[in-house]
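> Prediction below, plus the sequence it came from.
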Amino acid sequence: MNAAEELKKALPDAVTKIGMQCNKPEATVKKEDLLDAAAKAQELGFDQLSVITGVDYEDRVEVIYNLFSYENKHNLVLKVILDHDNPEVDSLTTLWKGADWLERETYDLVGIKFTGHPNLTRILLPEGWNGHPLRKDYDMETEQFVTIGEDGDDVVSTDGSNLLRRK
Amino acid sequence: MEKGGFRVDSVTIDTTKIKPVRKTPETAIEKLEDTGLISTLLAAREREGSILFSTIDQVFNWARLSSLWPVTSGLACCAIEMMGVAMAHHDIARFGMEIFRASPRQADLMFVAGTVTKRMAPRVKQLYEMMPDPKWVISVGSCANTGGPYHDSYSVLKGVDNIIPVDVYIPGCPPRPEAWLYGIIQLREKIKNEGYGATWGLDK
Amino acid sequence: MQTDELLINMGPVHPSTHGVLRFKLRMDGEIIKDCQLVLGYLHRGTEKLGEMKTYQQVLPYTDRLDYISAFPNNYCYVKAIEELAGIEVPLRAEYIRVLVMELNRIVNHIVSIGSLLMDLGAATMIMWGFREREKALQLFEMLCGARMTFNYIKPGGVREDLPEGFIPKLNEFLEEMEMRIKDYEQLINSNEIFLMRMNGIGVISAKDAINHGLTGPTLRGSGVNHDLRKLEPYSIYHDLDFKACSRPEGDSYARYMVRIDEMWESLHILRQVVDTMPEAKVISTSKYGVAPMTGVPSTVSTYFPRIFTPPAGEVYTRIEAPKGELGFYIASDGSTKPYRVKIRSPSFCNLTALSGMVKGLKIPDLIAAFGTMDIVLGDVDR
Amino acid sequence: MTNAYELIINILTALGVYDMILDMFKPSGTEFVLKLIIVVIELAVLFAFVLVTVMFLTWMERKVVAMVQSRYGPMVTGPRGLLQPVMDGVKLIGKEDIVPAKADKFVFNLAPYLAFVPALLVFIPLPFGESLIISDLRVGLLYIIAISALTPISILLAGWASNNKYTLMGAMRAVAQDISYTIPLALAAITVVMFTGSLSTVDIVSAQSGTWFGIIPKWFIFIQPLGFLLFLIASIAEMGRIPFDFQESESELVAGFFTEYSGMKFAMYFLAEYAHLFAVSGILVTIFLGGWNGPVLPGIPVVITSLVYFLLKTYAVVFFAMWLRDTVPRMRIDQLLNIGWKIMIPLALLNLLVTGFLITAGVI
Amino acid sequence: MPGIIKGLIVTLKHVLQIGDRPTVTVQYPYERMKLAPRFRGLHAVDEDACIGCGICDTNCPNSSIKIVKHGTRWYPEVNIGMCMFCGYCVDVCPMNAMKMTGNYELADYTRESLVYGPDKLLFKREVKQ
C-alpha cells in the first residue's frame, strides 16, 4: 500500500483522488481539508516538505506539495485544485517552517493566496510589481522599472526616465 | 564524410595554434613600453601637438592605466570568473589591479559582471555615481552587454549601457579569464588616448 | 540605559553577501535583534523562460542557476525529462555524468570553503582553492568546451565522449588534490581563531533543520545523516562505495567539516568511477535518442532531436546537488515546450533558516553562519 | 654624538665646511636660522624616508601576499612592479575628492591629517642607528605610547563625520580596540624600563649591547619572552592588521571608518597605516630585539652597519606581520576585547610583578 | 597557538615553494594557457558549406543569430554580445558549416561592434587534393 492510499484510508473524505505523479504516489485533496491532510501526512512520517509548486492551467490553478519521509524513504505528492480567478488555500507554515518562503514565492510568481501565512509578501519581485509572471495571462509587453525609495526599498513604476540614460 | 547526401569534411579549427597577443619584453625599451609609458607619451603628443604641454596628462594617464582599482561588485555568474581572474592562475595583480575596494569611493573601475535585473539596476547606477571621477566601466558577459540569455525575461535590463556609460564590452558567457584580461588591456589602450577633459570626467 | 536601535542595510552590494543578497538588520549595538532577508536582486525569470523555450533550449539556462556547480543542474533537468519520456541511458554515459558531478562537487566545496574564509578575512584559502579549481575547470573545458556553463549532459546521454588524455589528467588531478586538501586542513582546521569564530555559531538542531527543509551539507552538519545519493540512489550511485558524511554539533564548524569530509568522499568516488568505467557508447538509441537523418557534426557524437515532444504528464525529480537537494518539477502538455518548469533550489530553501539562526549574534557571526550555508544567488533568485 | 642633528654638524665639520657656513650666519647673529635649516633638512629626510618606506611596504605587502598565494603580484609597472605604489599615489592625487553631502565637512577634512601626523611623529624618538635619531627624548617610550594613542581620535572623528553607519561602527571598534590594547602594550614595555631604568630609547638600545657567553646577544627578548609575546600581539592589534583589523574589516563593514574617503584623503589613511606598521615594528625591534645592535664589522662606519641591522630586524618583523596576515582569519571584536582585558592585561601585570620581584631579589 | 603555527608553516612552505607548490600564474599577454580543442569561442562559418537554411537561427535559445544577405548568398550573422556560447548552432547545423573557434579575444568599445556579420565570420576551407 503506498502513501497516497494510506492517506486516503485515514481521511476518506478529504482525499478525492489518488494517482501517480510519474513514479510518486499522488493524492488530490480538497482545498478545505489540506491542512488536515498535511498534518496527517506529517503524522505518517513525512517530515520533509520538499517543494511547493503552483501551476496555472487556464481554467484552474493547481498547487502541488512534494513530501518526503526520511525515515521510511517514501514520497507523497499532495495536490489541491483551486479556482483560477481567486486562488486561495490554507498555509502550511504551522506544520513546516520551510513552507514560509516557498509559499511566498508561489504567491509572488503564481498569485496564490495562502491564508494564515504570517507574512505573505512578494519575495523575488519588489512589492508593487504589477501581475504575477508565471500566470499564463501575464503581460510581457509592459516594461516595469524599479527605483530606490526611502530606506533602500524598491518602488515600481512603468516610467524609467530617471533610471535610463539619455542617449 | 558522407552525411545526408552532402559532402562534409571533418575540418576542425585548431584552437591551440593561436599566438600570444604580445611577445615577452626583453630589452629595456620593450619593458618600458610594456608599462604603457611610451605609447602614452606618443598618444599625448599626437593629440596635443607637443609633449611639453601635455606632461600632466601623460603622467596621470600613465598612472591611471597602471593602477585601476576595481570595485567589489559581483552580480552573477561572471562574478565567479572575476574571482578567477583575481586568483593565482591569471593574477590580475600583475596589472596592479588586485586591490578590490569594497567601497566605491576608492575605486576607479567597475566590472558589471552578470545579469543586471530591473531590481538591481538602480543600485548599479547608484554605485556608479558614488565612484569618484575619473571612472571606467567594463561590461562583462552577454547579460550585461545586451541582456543576453535573459533578453526575453520580464525582470532583466536589456544591456547595462542603458543606465550607465560603458567603456569596454567583453562578450562571453561567461568570458574566460584571458578574455577579461584582454578587455582590461583594451581599456588600458583607451585610457592612453584620453584627452585632458576625459581624465577629469568632463567628456562623459 | 536607553539606547536606540540601529537599522543597517547590508547589501545588495556588499563584499560578503556572495552576490546580491540584502540583509535588513535591526541592531542593538553590535547585536542582531532581527535579521530580515531581501531576495530577488538576481531574479531573472528562469521559470518563465522555461515555459517560452523548447525542452532543448531550456538546458543552457539550467547551467546559469547554480553557476558554481552547473553539472548537477544540468543532470537534474535532464533526469526529469528522461523520467517523463522514459529514455534509457547507456551505462557509460551514467558513469561520465557521475564523474563530472562529483568533480563539480569538489569544485563547489572548494569555492564554498574559500569564500567562507575570505569572509572571515583570510584570503589565502580562496586563492589556493581557485588554483585547484582552475585545474578542474581545465578538465571541464577538455570535456565540454566551457568552463562554467557546460551544457554537456543531454537527455539520453552526454554531449560528447571523454576526449583523449582525459583520464590520465584526471588521475593527476586527483593525486594533486589529495595533497592540497591536506594543505587546506593544515591551514584551517585547527586554527584557534577559526575555531573561535566557528564553534557554537549559528546552531540549528536536527529537528529544526528538517522542519525548515534544509538539505545537503547544511542538514548533515546538524547530525542528520540524510543524503539522497543514499536514500534514493539515482544513476550509478547504488554501485559505488561511499558514505554520507555528517557531524552532530549543528554549528558552523560542523557544516564546514562536512564539506571537507565530502571532498574526501568525492575523491574516493571518482577513483572508483575511473577504475570501473565501461567502454561503450554514450548516447541512447531509444526512441528519442536517435540522431535524425540530417547529419551529425563530426565532433559531436551524441544527438538530441531538435523537435522533442514528451508525453503529457508531470514529473518531480530531485538529486543531491553539492549545495543540497535540487529538484526539477516539469509539467508537460505534450507540446514542444514545457508547460511549467519549477526549480526547487537548495540555496533558496537552506536560506530560510538563516534569520532564525543568527538572532542574538553579532554581524561577524552572521557572516560566518551565512558563509557556511553555501548559497549562490543565481540559485536563490533564479 | 647622540642624535642626527649633531651627526649632520659632525659631517659638515669633517668636510670642513661647517665653520665656513657658521661664519656666514654669525655676523648677523642669526645662528638659530642655521639650526632651523638643519632641523628642517633632518625632518625632510625623515619625511622622505617615511614616504619611500611606505611605498616599499605596500609593494612588499602585495608581493608577500602573492608569494603565499602562488602568484606573482605586481609585474607590469616597473621592474617586478616596483613602480606600482608610485602609480597608485599619482592616481590617487588625480582622483575626484568627494565629501558626502550629509557629512560634517570640517571634521571630515581634518581627520585624515590627524591620522597622518601622529604616524609621522612616532618616528622622532626612534633610533634608526648609532646616533641616527632625530631627538633622544628622555621620555621616549612614554612619548611613543602617548602619540600612538592619538590615532583613535582621528579614527573616531572620521567615522563620526562621514555620517555613515559602517564608518561609525568601524570607528567605535577601532577605538575600543586601541584603548584596550594600549594598556598591555605599555605594561609589557614597562618591564623593559625596569631593567634599564630609563625611558630613553637610546638607553634601552645601549642596554642591549653585548652578549652572554659570547654568543647569545643581550636582547630583552631572552629575558622577557612573555613580555615580548604580549608586546607583539598588542602591537599587531595597534597596527590594526589581520587578525585584528576591525577598523577596516572589509567583509563586514565595507571599508570600515574610511569607507567614505576618496582620493588623497584616502591615501593619507593608507600612508598612516603603513607608516604605523613600520614604526611599531621599529619600536618592537628597539625594545626587545636589540635595536641597531649587531656584530661590529671592521672598516665600515658604525652609523651604516647599525642602520642596516635596524632595517633588517624591522623588515623581519614587518614580514612576520604580513605572513601572519596571510595565514589567519579575523577575530571577532568581542573576542578580541575579552582576550585583551581578561588574558593579556592580567598576564602583563603578572609579568610585571614577577619581574619586579626578581629584580628586587637580585636574581636578574 | 599550535594551530596558528601549523598554518604559518604551510604558508611559509608556499613562500619558499617547498614540495611542489610552485607559482602557477600564466602571464596572459605573453603566454597562454593551453586551450582545449573543444573550446567554444567565436563562431566561424564555412563559406562553401553554409546554405543559409536558418536552422541555427531557430534553434538559438535567445535568438542571437540572424540570417543576412552577404554578396549573393545568405549567411548567419551572430550577435556575440548576446550569444550564450551553448554550442547548439554547431550541433544542429545540417551542413556542418558552423564551427566554434578558440578565439576569445572579443572585447570591444561599442555594442554595435559585437554584431559579427558574415564578413567577419566566414572562412574558406583549404581543399586538400
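Right, received. Where do you want to start?

> Just give the nearest non-adjacent residue to C:Tyr95, would you?
C:Met277 (4.7 Å; C-beta to C-beta, 6 or more residues apart in numbering or on different chains). Quick note: C-beta positions are derived from backbone N, CA and C, even for glycine.

> who touches the one you found in this structure?
C:92, C:95-96, C:99, C:167 (C-beta atoms under 8 Å, 6 or more residues apart in numbering or on different chains).

> ditto for E:Leu8
By C-beta under 8 Å, 6+ apart, the neighbours of E:Leu8 are D:323-324, D:327.

> which of those are close to chain A?
When C-beta under 8 Å from any C-beta of the partner chain is taken as the criterion, no member of the contacts of E:Leu8 contacts chain A.

> By neighbours, which of these wins?
D:Thr327 (26 neighbours; other C-beta atoms under 10 Å in any protein chain shown).

> and it, that's in a helix?
No: read with DSSP: H, G, I helix; E, B strand; the rest coil, D:Thr327 is coil and lies in no helix.

> wait, isn't it in contact with E:Gly3?
No: with contact defined as C-beta atoms under 8 Å, D:Thr327 does not reach E:Gly3; the gap is 10.2 Å.

> can you pull the alpha-carbon coordinates of stretch D:146-157 into CSV?
Provided in CSV are the C-alpha atoms of stretch D:146-157 (Å, rounded to 0.1, in the frame of the first residue of the first chain):
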residue,chain,number,x,y,z
ALA,D,146,51.2,58.6,24.1
ILE,D,147,51.5,59.6,20.4
SER,D,148,50.1,56.3,19.1
ALA,D,149,47.2,56.7,21.4
LEU,D,150,46.3,59.8,19.4
THR,D,151,45.3,57.8,16.4
PRO,D,152,41.9,56.7,17.8
ILE,D,153,40.8,60.3,18.0
SER,D,154,41.3,60.8,14.3
ILE,D,155,39.5,57.5,13.6
LEU,D,156,36.6,58.5,15.7
LEU,D,157,36.4,61.8,14.1
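
> which residues touch it?
Contacts of stretch D:146-157 (C-beta under 8 Å, 6+ apart): D:107, D:110-112, D:114-115, D:118-119, D:121-122, D:170-172, D:174-175, D:178-179, D:182, D:238, D:247, D:257, D:272, D:276, D:279-280.

> hmm, try it at 6 Å
For stretch D:146-157, the surrounding residues in contact (C-beta atoms under 6 Å, 6 or more residues apart in numbering or on different chains) are D:107, D:111, D:114-115, D:118, D:121-122, D:171, D:174-175, D:178, D:182, D:257.

> Of all residues in the stretch 101-250 of chain C, which one is closest to chain D?
C:Gly121 (3.1 Å; C-beta to the nearest C-beta).

> Next up, the contacts around the nearest residue to that residue once chain neighbours are set aside.
Leaving out its chain neighbours, the residue that sits closest to C:Gly121 by C-beta to C-beta, 6+ apart is D:Arg330, at 3.1 Å. Residues near D:Arg330 by C-beta under 6 Å, 6+ apart: C:120-121, D:242-243.

> Reduced to three states, what does E:Trp74 come out as?
E:Trp74 ends up strand, using three-state DSSP.

> Any idea what it is bridged to?
E:Lys69 (DSSP bridges).

> burial of it, as a residue count?
So E:Trp74, with other C-beta under 10 Å, has 16 neighbours.

> and if you look at E:Ser113?
14.

> Against chain B - does the longest helix anywhere in chain A have any residue that ends up touching it?
Criterion DSSP state H: the longest helix present in chain A is helix A:99-110. No: using C-beta under 6 Å from any C-beta of the partner chain, helix A:99-110 stays clear of chain B, with a minimum separation of 10.6 Å.
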